[in-house]
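> predicted structure and sequence below. I'll ask about it afterward.
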Amino acid sequence: MAANWAERISAFSRSQSRFLCGTTAEDFLGELLHELRDDRASFAVKVLLLSPLCDHPSLLCPSDVVGEETALELMSVLDQCPPKSVQFRCQLLVALTTVLVCTSCVGIRSRASRDFLDLLLQMVQDTGDLRGDDGLRSTRATACDCLRELEACSPGLLAQRLELLGGLRQRETSRLHQAYAGLHTLVLRNAVYRLAQDTGASGEHLKALLEGNTWVAELDSGRMNDGDCSDALSSLTLGPMGTVPTLQTGPDCKELRSVLSSLLEESYLLTPLCQAALLHRLTEVVSMVPGVPPAVFRAQLLRLLGTSEVCLLHATLLLKCAFTDSLFSAEDEAFVLQRLVVLSQHPLLSAAEKLFYIDCLLHFPENRPIGCGADGDEALPVLLTPRLASALAPTVFDDGATGLARLNLLSLVYQEEVEGGEGEESRGLAYLYQHLSSLLRIVANGGGRELVVTSFRAAFLFLFYFCHVGRYCRSLTEELCQLYLRHGHLAPHVINLADRVQEKLPESNWAVGFLRALQGVITNAPPTCLTSRYLGFHLKTLARVAEEGEITQHRTIHFLSAVIAAPTLSLCTSGAWRLGNGLLAVCRRLLVHPTLDSLFIPLADVLLHLTRCYGDTDIQDHARLYYTLLTTLSREKLAGVLAAEGGRRVKKRSLSCIVGESEGLTSALTIHRTEKLIIGLTEVRSKPDDGTRDDGVGEMKQTFPAEAHAALEEYRAQFDDPGFASQVAITYRLTHIDDDPRFDQLFSICLHFSLTDDHYEELADVSVPRLLRRGAAPEVTLRLKPRQPQPTTLDASAIFTAEDGLTWFTVLPQVHVAFRQAFAPLPAPRAWGRGGGPVLFEGLWGEISGEDQADCATSLFCSQLKEGALSALVDEHLLPFLISERSKEDEFRVLFFLPPRAHVLLRIRPGEPAQFHIATDDWRLLGHLNSYLLTITSSQGDAPL
Amino acid sequence: MCQYALQVYHILPDRRFATVEHRAKSLAGSSYVAVPEDNSVLQLLLTELGLSDSDKDYVALRDDCLHRQRSPALELCVDGPGKGILWPVLAISHGPLTLACLPIVDAPAEPRPPLASLLSVSQGLTLLAGLQTFLLGSGGKPDNEGLSVRLAMLPSLLLQVCPLGTPLDVPISGAPAPSAVPTPVGSQKQPFWKTGLHRGRAVVNVALKETVRSMQYGNRSRQDLWDVYGTVTCKCEVEGVLPNVTVTLTLPPNGSPLQDILVHPCVTSLDSCILSASSVDNCDSSAFSGPYKFPFSPPLEPFRLCSYTSQVPVPPILGSYQLREEENQLSVSISLKLHESVKNSFEYCEAHMPFFNRDQMGVVEVKVSSGQMDVSKEKNLLVWALGQKFPKSREVSMEGKISFSGPMAGPTDPICTGLTAYIKLYFKVPDMTLSGCCVDQHSVQVYSSAKPRIMTCRELQSKEYFIWNSSGTAPMSSGQMML
């Protein structure tokens, strides 16, 4: 079992998501807690069981409720745990702290968290066992650490206990006083911070806190909300840029001073890590209380400045940053700087430490900084003279990061010198260039990958600082070209360098010059000495060169012609797909090059040659496409089709992008998907006409069978034609529902609908030529062909072209087809004119109510509508389907035809109540009809069904 | 306060400190980037460190020339370039072990604060270095068995030194002295770094070790370089909670001052003049030149009391190396001269002559005036063992011809091409220092009742001691002289 747990816990910590595929967090937590309570499990396993709770508490306890329950469970486990299993007890305390903090139980001061806090306070005060069993002591230390973490996460939590904690710290003489000192310092810092934030607070409040006077509890009512304590969590930004809240006290501030000096005096007894933290916290305290002079730190300074510990020296630098010349004289400052230079290259320090010190040099806290550069910017301290900095000159023996850090620092130093008038003559600059060129020489002699990367980074740094120094830049171009010619595999680095220089130094034209030079060296090399491996790299580079409109491309195109014709390479017969793509990539960029006109014929020749002779069909096809594009499209259109949108660095990954040749083209050729809904359909409720639909025959000639049976027969005969009256047309308006300006103008919109049930036949796509945001909304008529006249929902989507020329796919909100929308007017034979309706109505009515036919049904619906309301209802909803004369108000006869063949007939008689006699030849419709009638009678109109 | 998502990669999963992540989240607000699961962090870190895909010439995420790999803090792009960035990731590698941590940024996240303003960064570096020393052992040579034993101890160790993400201490490497006993409670506070008390006779052991580095070019236009640094290591077994010990370093008359002195945190006080001399500054001859007193209260385990650098007027061994191409072979001529101030009594002294970018050595015809010449098994290195003593003349030489007609190609090196070649000297001289610095047994003061036993020793050893072929080009090894 134990081994099993070890495996499971390690699987959990490797990947929680994968682990939780097999179980739930809840179950896993349950298992953990169960096992923790199990007496048979060993404590070694139990310690292990706590690690998921320590590492991922929020995953296992997703809410404060679960957190609270878990914490209560853990506390009961702690209660049962024998005092001698120290490690488990400590780990339990840590787990409890973690769970309570991370589930915000501490933030909301939940019951469990208050109990836990009391327990911890009890533990840290329990110094009864003076014999000093080491185990008990370490539980006590852990309790202190837990309290410190609770205070760190909820600043101010322990402010009221300041005096208690101070006393405990002073009385503790064992090694454990370190834990008490850490706790006391943090609580002090947070308490002072809170008082400083409180405009009403004064030195008296601080004194009271330090002396443990109870009335400060009043202050505590303004307890900081855990949610917005991020300011208190943040370390104070000290120094000239920082603003620090201050607490005005009297000039003596005795109590605080005595606490500070006792803490500082004993700081020597702490580990360097704890000393550094303590110093930093006390620095913050003193900078918030102007009544205490920074000189309290003076006694520690020499010891700190001589230290070999990086964190102690760092804390000292932060001290300097906070108090500048009120603690450090100009002499001290020069000394500290010198010390940093020494440490930045000290043979006994690790590379990481040295890098850190170089970073500290570039952010040196000067006593009187000249100008305050934006935060985070690197700047040279005034005292860092070229002489002093020369100790940090880069050499080829440095490891990559160190060499670059040194080059960067020295570049800053000599930038001033170069700008100061020495220009190209600067010796420092000459040295840096020499260093760079030694690096490149080593690369040329086969330096490894890391060296290559370092050299190109060094080249970038050099250009970044000195791109205006023509002589060196020209010679760098030359050296890089020679290097590239020998080592074509550096193509990606070379291209990356050109890209970055162009991007970061837009005012410099070094990159273009460099690319031009690269074009020169590549095209001058006789194709006979090209291997196919290098050819691939060269094509990559030439493709990049061809992106520059300023560079003429004749050499490139001649190179391509020569390459495809070169018998030694036998490119065409080999039909290498990758190389073919490389060739096409160059061609593609030439197609959009501004000097295309002058390249037209040779480019067409190359493409034609590839189309005919290249031994790979895919390449042939692409070449043919390009050839066709070149020879048929105008320049503008060609650019439109091929130009990549949003600059070439924006690349959408898609399958067709893996080939360099089609990058950019793919975004023009693939369909993009909108992130949001952008268009939608809204129904157009046609104005109820008065039923005088002009059926083309007019009033003049109305011949219809007077006899109902005959009329029915003639009517039914129409349905022999399968397409007859089988559709319902519903009109919608297509509108924008989002205000993304990219989609202001949409063209060639193709709407596609799909069914969610089988009541209707599949719908045909609908095309809309354009949709302009400021234009009239186009109407879209859906022709639904019901199988069953039932309400339904349609999924809708659209493909369109936007202004940017790209094709987009978007989803529209679902379209709901209501029952009423399936109604069609009676499809009586056209020749009948209006008179035929009543005859047919009577015929149908008789048939439905007369015999006991299969699907037929009659029904009655009653409503309390008054006479006036009833006729309004008819006007509003039923007019198109009214068979009787509108003026005949004693009985309205209404006939809904529901394609394909269903009929609903209504005789509506006013009265108390108004009666709707219903007859239908499809009883399945009665339910929908009932809700329809309910809707129109109750809401009088506008509510759609 | 640090957020230490500590990763001991290749071997161990990480330790996350959820409360620190909780704080980081409320500090960073909307710009908070959650630490992804172990395997993805691992992947990102290995890519960044060049440990995965190392066979690929160019990986955009890793090799972009804009990438700022000149800072000790790495950036890991969590969801692709420019999106979520984990910063500042500190990582140190040694042999099979890579340790990394992510310190909390307890300052406004935008704009990104300078590293130098985050105390958590130096604390992180300290913790990582401490863990590395513990895991690899102080010997520096990783042994896999010991490593896995120590790795297994790591979780319980972390509970002690970094229980909730704030590092309190670094693990002590090496067991404390066996005679240590738990402290009785007294009025004097016990330092945290003292794990117990010593009982028994007081023994103080002070070892002074100087290391000399050199780059010699044998060229008028190129100044030869050498430097010396020393470390003083102590092991003190002294009774008392906070016993006082003072070690004094003295220089001979006219000795050049000790520079760049760094001291252990247990040193209780320092005289400002001790720190005044610096290697990067013009030192005036009137500068303080000792005696250098270091009062301290020792921990139980051995520790490095202090270190210094020194500028000595001459290198201990001055060499000249001439390598010439002659038809199908190289002609070699070497001479080494031991300076008269150096004690002619070595523990060992060897000169190594590696050859790169050539075939294996074929015929080696060399004559040495002293010592013994060996060809390495791989036939790409000549080892000239000089033994314990230089001859009376203090000069040795070697002449000869070497042909490279071996059946296989030797090792390659991008720096040592053509006639760019070097000899590297390895030597150790017991009981001497170049600077003349020494710890007099009688100057060690221990304030204790019993008379302490005091042992001191000193030695000089070489490191990176190169003599370049004067007839070839040699790379610059320091800009200081040029500038």
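Sure, I can see it.
> in the stretch 551-700 of chain A, where is pLDDT below threshold?
A:643-669, A:686-700 (pLDDT under 70).
> which non-adjacent residue is nearest residue 33?
Here I'm looking at chain A. Sequence neighbours aside, A:E73 is the residue nearest to A:L33 in space, at 5.0 Å (criterion: CB to CB, 6 or more residues apart in numbering or on different chains). C-beta coordinates here come from the backbone N, C-alpha and C atoms, glycine included.
> chain B, not that one
B:V33's closest residue in space is B:G84 (CB to CB, 6+ apart), at 4.0 Å.
> and for the one you found, the neighbour number?
15 (other CB atoms under 10 Å in any protein chain shown).
> cool, the one 5 residues further on as well?
A total of 24 residues lie near B:V89 under the criterion other CB under 10 Å.
> what's near enough to touch A:L751?
By CB atoms under 8 Å, 6 or more residues apart in numbering or on different chains, the residues touching A:L751 are A:L734, A:D765, A:V766, A:S767, A:V768, A:V780, A:A796, A:S797, A:A798, A:L812.
> endpoint to endpoint, stretch A:895-908 covers what distance?
Across stretch A:895-908, the terminal residues are separated by 11 Å (CA to CA, to the nearest Å).
> do the same with stretch A:335-353
End-to-end distance of stretch A:335-353 (CA to CA): 19 Å.
> wait, the residue nearest to A:L33 touches A:H34, no?
No: assessed by CB atoms under 8 Å, A:E73 is found out of contact with A:H34, at 9.5 Å.
> tell me, what's touching the two both at once?
The contact sets of A:E73 and A:H34 do not overlap (CB under 8 Å, 6+ apart).
> re the thing from before, distance-wise, check the residue nearest to A:L33 relative to chain B.
18 Å (CB to the nearest CB, to the nearest Å).
> what about A:L50, how many residues nearby?
23.
> next: A:F462.
Neighbour count for A:F462, taken as other CB under 10 Å: 24.
> nearest to chain B: which residue in the stretch 501-650 of chain A?
Residue nearest to chain B within the stretch 501-650 of chain A (CB to the nearest CB): A:K504, separated by 7.1 Å.
> where along chain B do the helices fall?
Listed in chain order, the helices of chain B (DSSP state H) span B:18-28, B:38-48, B:60-63, B:119-136, B:144-161.
> dump those helices into a markdown table; add mean neighbour count as well.
A markdown table is the format used below for the helices of chain B (neighbours: other CB atoms under 10 Å in any protein chain shown):
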| stretch | mean neighbour count |
| --- | --- |
| helix B:18-28 | 23 |
| helix B:38-48 | 18 |
| helix B:60-63 | 16 |
| helix B:119-136 | 25 |
| helix B:144-161 | 15 |
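> any chance of those helices in a markdown table, plus mean pLDDT?
Output for those, formatted as a markdown table (pLDDT from 0 to 100):
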| stretch | mean pLDDT |
| --- | --- |
| helix B:18-28 | 91 |
| helix B:38-48 | 85 |
| helix B:60-63 | 84 |
| helix B:119-136 | 92 |
| helix B:144-161 | 84 |
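> among these, which is nearest A:F297?
Of all these, helix B:119-136 sits nearest to A:F297, with 15.4 Å by CB to CB.
> A:E73 and A:H34: which is more packed in?
Neighbours were counted for A:E73 and for A:H34 using other CB under 10 Å; A:E73 has more, 20 against 12.
> returning to what we had before: out of the helices of chain B, which comes closest to B:F466?
Of all these, helix B:119-136 sits nearest to B:F466, with 27.0 Å by CB to CB.
> so the closest one, near chain A or not?
Yes: interface with chain A: helix B:119-136 contributes B:L119, B:V121, B:S122, B:Q123, B:L125, B:T126, B:L127, B:L128, B:A129 (CB under 8 Å from any CB of the partner chain).
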